[in-house]
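Undergrad: kindly generate the corresponding structure for this input.
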Amino acid sequence: MRPSRGASGAVKRALSNEQSGGLRDDIRLYANIVHDLQIAIAIWRLEDLKEPSALKLVFANPAGEKYLNVPTGTTYGKSLAGVFPDSFGTRLRKILYEVALSGEARDLGEVQYSDEKVSHRIFAVRLFPLPDHCVCLASEDLTEQKNAATTISNQAQLLDLATDSIFIRDMDGRVTYWNQGAERMYGWTKQEILGQSTFVTLKTKFPIPLEEIQGVLLRDGHWQGTLSHTKKDGDRITVASHWTLQKNQAGDPVGWIQINNDVTQEKRIKEALRKSEADFHLLVDSIRDYAIFHLDLQGRVATWNLGARRIKGYRNEEIVGKHFSVFYPPEDVASGKPEIALKIAAQEGRYEDAGWRVRKDGSRFMANSVITALRDESGRLCGFGKVTGDITERRDAEKAREETRTVHQRATEITLLSQLGTLLHACLTAAEAFKVFSQFAQQLFPAESGALYVLSSSRNVLESASSWGGVCAGEQVFPPDDCWALRSGRMHYVDEPGSAVCCPHMRGSAAVASICVPMAAQGDTLGILHVHSNPVSDTGANEVVRPLPLSKRQLATAVAEQVGLALANLKLRETLRVLSVRDPLTGLFNRRFMQESLERELRRAARSSKPLGAILLDIDHFKRFNDSYGHEAGDIVLRELSALLQAQIRGEDIACRIGGEEFLLVLPDTSLDVTQQRAEKLREDCKRVSIQYGGRPLSAITLSMGIAMFPTHGATCDAILRTADEALYQAKTQGRDRVVVAKPLWEAS
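TA: Now for the predicted structure:
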């Protein structure tokens with residue numbers, strides 16, 4: 001290749017200023033090579049090996065003359081200080097001197113340079129040693145490239161928070177920018193990936209050769225397609241990739257922005273969907289237990305599977321194109337049921353029905369059918385899907401199972417009722433009976449809640465004595481008039497909360513169905529058994545009510561009868577028990593109970609070595625009350641005295657009427673002094689009792705009392721009673737209205 005005219009001129013100028021014959025041949029060679037390069041080439045020669053400042057410029061190509069900013073033809077022979085300013089020239093002179101002497105190349109990297117003649121520029125600078133102590137300084141202007149890269153980077157940083165992977169490459173494929181989305185998607189940080197080739201790092205697989213993709217990018221300015229990448233953890237992903245070419249101000253390509261979106265899952269879903277659709281068609285065609293077919297907008301059969309053929313008896317060619325009403329009985333066709341089904345399915349999206357259907361041979365079967373409206377992506381109705389199952393056998397089997405369940409449930413309920421009755425009749429108290437009932441009620445009514453309400457002794461209020469279930473509906477205490485069952489004397493059932501005959505004690509309750517059954521025995525009303533369904537939800541009172549089936553209402557009636565009878569027996573037993581230990585007139589314990597209690601207290605006192613006091617008292621001249629005012633007045637006196645005794649004694653003391661007008665007070669753990677003090681106080685308090693009879697006051701009553709102590713006056717029941725009676729007799733003979741203490745045993749003997 002012959003040198004150009006510009007190159008020949010540069011060579012001549014260099015040779016005219018060059019003394020060394022060896023360098024002349026080299027310059028001719030270099031001039032032809034570097035003349036048209038955009039890289040600035042400048043050759044410096046060290047003329048004095050001992051003087052670093054003796055560096056002279058011997059050659060520069062046109063790019064070098066431009067960047068050195070000296071007129072053409074005036075650069076040769078110039079010193080380093082004549083071309084570069086002192087601050088930069090001093091540092092560069094030292095480096096050139098070292099390269100000329102050592103013969104080793106130096107890479108200065110990126111160097112920023114500016115002076116009064118040259119604006120701020122960025123150069124990539126390398127130094128190469130040449131023969132005859134010459135040094136070639138090669139510099140490439142990176143200013144525009146860096147500015148373009150900075151612009152691209154600034155633009156990309158605006159998308160650093162994007163969820164997609166965004167990165168920038170230079171034209172060699174090296175990464176110059178890597179956003180946070182790329183870090184999240186691939187696992188590599190910016191520090192790990194910058195300067196690397198993602199084609200290698202990500203093990204990229206292209207749909208077409210990379211050269212073709214780059215050709216499209218340079219031609220059109222963009223490219224998009226699907227790539228396969230490997231993440232840092234080794235997982236393989238598929239990305240939808242968009243490439244956009246970036247150019248500098250001169251229009252030269254400097255790199256491209258790449259935006260990747262992970263579509264691995266989307267691709268898997270599409271593949272799974274495609275496979276599922278194929279599997280679905282295969283499945284539908286192979287199903288034999290259900291008739292699955294399509295209907296067009298008019299209700300004509302469009303497809304037909306093997307299950308439809310087996311259930312309905314039609315072959316594909318016999319039924320396709322016919323209206324699906326051929327499957328309905330004549331009465332349903334006459335009433336327009338098929339058309340109504342399609343209309344409802346079109347309006348609501350789905351229609352389900354169970355009823356009789358007709359086979360090809362005219363036989364009927366019980367079917368469950370679901371019709372679904374089919375719509376395209378725009379929402380336009382394009383047909384119907386119909387699934388029909390033959391449930392004749394299943395319905396018969398369910399009916400048989402339901403009957404079996406009913407029989408089993410009735411047997412269980414009868415067994416529980418029998419056990420409940422046995423245990424209730426074995427209870428000794430009403431409290432015991434209520435606990436037993438609560439346990440059995442939970443088993444008898446597991447899906448319901450309720451309570452047992454008992455009428456108070458005053459018969460003016462009903463109060464919950466036992467309850468079960470998770471929902472407590474209605475009042476816990478209410479008057480009898482608030483229950484329709486007590487008003488009517490029969491079971492009362494309500495399944496509409498807003499009904500006019502809903503019991504007032506259910507006011508404010510959730511939406512439930514309830515039943516109240518009165519409990520009565522031997523003509524006496526004892527209370528009610530209340531059972532209610534649990535609410536469907538707690539959203540409000542306007543919801544659907546879960547009713548109580550007839551079987552549960554019948555069971556509630558049977559339970560109420562059982563519980564009512566048991567409570568009546570308990571009440572009777574309690575009355576008999578009270579009568580056996582209580583005096584019916586005064587309510588105090590009778591002589592029989594006194595005998596048992598006194599013996600028990602004496603044994604207890606003997607074990608604990610504690611005293612026991614006994615006060616035997618008698619009403620003075622009681623016969624006069626009966627003779628003067630009548631026996632009714634005498635009964636009033638006895639009752640008033642009994643009330644006074646009840647008010648005076650402690651909880652552990654025992655007050656008894658042992659006959660006529662005689663009473664006995666048993667005072668456990670009481671000394672003689674205290675016993676005597678209490679007797680005196682009782683005697684004085686009795687005088688102040690005002691008794692009215694027939695609208696006029698009766699005369700005051702007085703008491704005569706005899707005191708006996710354990711163990712001073714005896715150790716047995718008979719001994720205590722005998723000595724107390726002797727002391728009482730002394731009080732009578734001494735003038736009545738007094739307290740006398742019995743003599744000790746040794747004195748009496």
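Undergrad: return the residues in contact with the nearest residue to Ile319 once chain neighbours are set aside.
TA: Spatial nearest neighbour of Ile319, chain neighbours left out: Val301 (5.1 Å); criterion: C-beta to C-beta, 6 or more residues apart in numbering. For every residue, glycine as well, the C-beta is placed using N, CA and C. Taking C-beta atoms under 8 Å, 6 or more residues apart in numbering, we find Val301 in contact with 293-295, 319-324.
Undergrad: so what pLDDT did Val301 get?
TA: At Val301, the predicted lDDT confidence score is 90.
Undergrad: with Leu645 instead?
TA: Turning to Leu645, the model gives it a pLDDT of 89.
Undergrad: if we ignore the residues flanking it in sequence, what's nearest it?
TA: Spatially, and ignoring its direct neighbours in sequence, Leu645 is nearest to Ala655 (4.5 Å; C-beta to C-beta, 6+ apart).
Undergrad: ok, that neighbour to Thr143 distance?
TA: As defined by C-beta to C-beta, to the nearest Å, Ala655 lies at a distance of 121 Å from Thr143.
Undergrad: ok, now Gly82?
TA: On the measure of C-beta to C-beta, Gly82 and Thr143 end up 24 Å apart.
Undergrad: go on, Gly349?
TA: Gly349 is 67 Å from Thr143, by C-beta to C-beta.
Undergrad: neighbours of the spatially closest residue to Gly195 that is not a sequence neighbour, how many?
TA: In space, and not counting its chain neighbours, Gly195 is closest to Arg174: 5.6 Å by C-beta to C-beta, 6+ apart. Other residues near Arg174 come to 16 when the count uses other C-beta atoms under 10 Å.
Undergrad: helix, strand, or coil at Tyr97?
TA: helix (DSSP: H, G, I helix; E, B strand; the rest coil).
Undergrad: isn't it up against Leu55?
TA: Yes. If you go by C-beta atoms under 8 Å, Tyr97 and Leu55 touch, sitting 7.1 Å apart.
Undergrad: that older thread, ok, Ala655 and Thr143, which is more surrounded?
TA: Taking neighbours as other C-beta under 10 Å, Ala655 and Thr143 compare with Ala655 leading, 20 against 14.
Undergrad: so what pairs up with that one in the strands?
TA: Note on Ala655: beta-bridge partners by DSSP bridges are Leu665.
Undergrad: cool, and Val739?
TA: Met705.
Undergrad: what about it, how many residues nearby?
TA: Neighbours around Val739, by other C-beta under 10 Å: 22.
Undergrad: does it really touch Arg678, like I thought?
TA: No. Using C-beta under 8 Å, Val739 is not in contact with Arg678; the gap is 9.7 Å.
Undergrad: show me the shaky parts of the stretch 551-700 of the chain.
TA: Residues of the stretch 551-700 of the chain that meet the criterion pLDDT under 70 lie in 574-580.
Undergrad: one step back: looks like the residue nearest to Leu645 contacts Leu665 (just checking).
TA: Yes. With contact defined as C-beta under 8 Å, Ala655 counts as touching Leu665 (5.6 Å).
Undergrad: identify the contacts common to those two.
TA: Contacts common to Ala655 and Leu665, judged by C-beta under 8 Å, 6+ apart, are 645, 649.
Undergrad: show me the strands in the stretch 151-300 of the chain, by range?
TA: Secondary structure of the stretch 151-300 of the chain (DSSP state E, counting those that start in this stretch): strands located at 165-170, 175-178, 222-230, 236-247, 253-262, 290-295.
Undergrad: what packs against the second one?
TA: Judged by 3 or more C-beta pairs under 8 Å, 6 or more residues apart in numbering; DSSP states H and E, strand 175-178 is in contact with helix 143-157, strand 165-170, helix 190-193.
Undergrad: got the CA positions of that strand in PDB?
TA: Written as PDB, here are the backbone C-alpha positions of strand 175-178 (Å, rounded to 0.1, in the frame of the first residue of the first chain):
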ATOM      1  CA  VAL A 175     -22.400  -4.600  31.100                       C
ATOM      2  CA  THR A 176     -22.100  -1.000  32.000                       C
ATOM      3  CA  TYR A 177     -25.300  -0.700  34.100                       C
ATOM      4  CA  TRP A 178     -27.300  -3.300  36.200                       C
END
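Undergrad: now flag whichever of the contacts of Val301 is closest to Glu271.
TA: For the contacts of Val301, the closest approach to Glu271 (C-beta to C-beta) belongs to His294, at 25.5 Å.
Undergrad: tell me the contacts of that closest one?
TA: 301-303, 374, 383-386.
Undergrad: identify the farthest-apart pair in those residues.
TA: Going by C-beta to C-beta, the pair spanning those furthest: Val301 and Leu374, at 14.1 Å.
Undergrad: Tyr629 against Ser699, yeah?
TA: No. Applying C-beta under 8 Å, one finds Tyr629 not in contact with Ser699, separated by 9.3 Å.
Undergrad: who's more crowded, those two?
TA: Tyr629 (18 against 12).
Undergrad: once you drop chain neighbours, what's closest to that one?
TA: Tyr693 (5.8 Å).
Undergrad: okay, Gln224: pLDDT?
TA: At Gln224, the model reports a pLDDT of 91.
Undergrad: name the nearest residue to Ile658, sequence neighbours excluded.
TA: Arg591 (4.5 Å).
Undergrad: my reading is that Ile707 lies in a strand. Confirm?
TA: Yes. Ile707 sits within a strand when classified using three-state DSSP.
Undergrad: so what's it up against?
TA: 613-616, 672, 675-676, 679, 724, 727, 739-742.
Undergrad: now do the buried residues in stretch 354-364.
TA: 357-358 (16 or more other C-beta atoms under 10 Å).
Undergrad: same question but for stretch 426-434, I mixed them up
TA: 427, 430, 433-434.
Undergrad: so of those residues, which ones are in helices?
TA: Among the buried residues of stretch 426-434, the members falling in helices (DSSP state H) are 430, 433-434.
Undergrad: okay if I get those residues as a markdown table plus pLDDT and distance to Gln734?
TA: What follows is those, written out as a markdown table (pLDDT from 0 to 100; distance: C-beta to C-beta, whole Å):
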| residue | pLDDT | distance to Gln734 |
| --- | --- | --- |
| Ala430 | 81 | 50 |
| Ala433 | 84 | 55 |
| Phe434 | 86 | 56 |
